[in-house]
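[1] build me a model:
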Amino acid sequence: MENLCRTKIEVENALLKYLNHDGAIGRLFHDLALSCPRFHPQRGNFCIYQRNPWEPNGEMGYTSVVELPYIGKDFHGYHMLDPELRVLSRVKRAGCFMLLIQRSGRFPTQWCNPYVWVWGTQPGNVDTAVKILKDANQEHVNRCRCLMPN
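    Purely as a prediction, here's the structure:
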């Protein structure tokens, strides 16, 4: 079991190097953890225990991915940062932080669709943050012509 765990970490490290820390690593690490229940049995309703791919020391915590609405290939994520909606501050009050992964910007991705990556130390906090983000998405979709992925 220890050898398998070490191999899993080596595979993750190889993917980090290959992707050159593209924003897709948050989604990739989340999806890898979801696909390995034996190594990642600790879960919340919307999150899973996994290391933070952006932290070099391999800090462990709970992570989740929230899809963004879109029109065609245009993904809508800036509503998550809108000061009037206060989504970012509400996520922080829940004890979590989030990264908006987009085609360009601070955390760009060329390997996957844009999304919001959520991180926290308690599963209940991450589940609360995910609910806040999903509600913000729904509020945005109600005011826009955009769609949510299935």
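[2] now the residue nearest in space to the middle of the chain, what's its secondary structure?
    Most central in the chain under Cα atoms, centre = their mean is residue 117, positioned 2.0 Å from the mean C-alpha point. Three states are possible here, and by DSSP: H, G, I helix; E, B strand; the rest coil the one that applies to residue 117 is strand.
[3] which residues does it form beta bridges with?
    For residue 117, the beta-bridge partners under DSSP bridges are residue 65, residue 99.
[4] residue contacts, it?
    Residues touching residue 117, when contacts are defined by Cβ atoms under 8 Å, 6 or more residues apart in numbering, comprise 23, 26, 27, 30, 63, 64, 65, 98, 99, 101, 107. Bear in mind the C-beta positions are built from the backbone N, C-alpha and C, glycine included.
[5] from residue 101, how far off is it?
    When distances are taken as Cβ to Cβ, to the nearest Å, residue 117 and residue 101 turn out to be 6 Å apart.
[6] ok, and what's touching the lowest-mean-pLDDT helix or strand in the chain?
    Evaluated with mean pLDDT, DSSP states H and E, the helix-and-strand set of the chain has its lowest mean pLDDT in helix 2-19, which scores a mean of 86. The set of residues that contact helix 2-19 without belonging to it, under Cβ under 8 Å, 6+ apart, is 25, 28, 29, 32, 36, 39, 51, 53, 58, 111.
[7] skipping adjacent residues, who's closest to the second one in space?
    What that stands for is residue 28. The shortest distance from residue 28 to any residue that is not its chain neighbour, by Cβ to Cβ, 6 or more residues apart in numbering, is 6.2 Å, and that residue is residue 15.
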